[in-house]
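**Student:** need a 3D model of the following:
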Amino acid sequence: MTISVRLSEKDVELIKTYASLNNITVSDLIRNSIMEKIEDEYDLDCYKDALKEYEKNPKTYTLDEVKKELGL
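**Tutor:** As a prediction, the model looks like this:
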């Protein structure tokens, strides 16, 4: 799929320079940046859900307790 984005010449040059300095294509830079942003937001949502669950039941376990429970 092809997606078009309008950018100023200044932004285009900055993106090209950054990609060149990191030895990646502009396409890879943009794809990786978008995917990282999506993953960060997903991780934040998971954290918020986990925090809500913890607030409902704030019981914690030691590493030894977890190992024992999992049979490790």
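**Student:** buried residues in the longest helix along the chain, which are they?
**Tutor:** The longest helix of the chain (DSSP state H) is helix 26-56. Using 16 or more other CB atoms under 10 Å as the test for burial, helix 26-56 gives residue 29. All C-beta spots, glycine's among them, are computed from the backbone N, C-alpha and C.
**Student:** so what does it touch, helix or strand wise?
**Tutor:** Here helix 26-56 touches helix 9-21, going by 3 or more CB pairs under 8 Å, 6 or more residues apart in numbering; DSSP states H and E.
**Student:** phi, psi of residue 4?
**Tutor:** phi -100, psi 140 (degrees, to the nearest 10).
**Student:** gap between it and residue 30?
**Tutor:** 12 Å (CB to CB, to the nearest Å).
**Student:** just the mean pLDDT for the longest helix of the chain, thanks.
**Tutor:** Average pLDDT, helix 26-56: 97.
**Student:** that one vs helix 9-21, what angle?
**Tutor:** 90 degrees (axes from the mean of the first three to the mean of the last three CA atoms, to 10 degrees).
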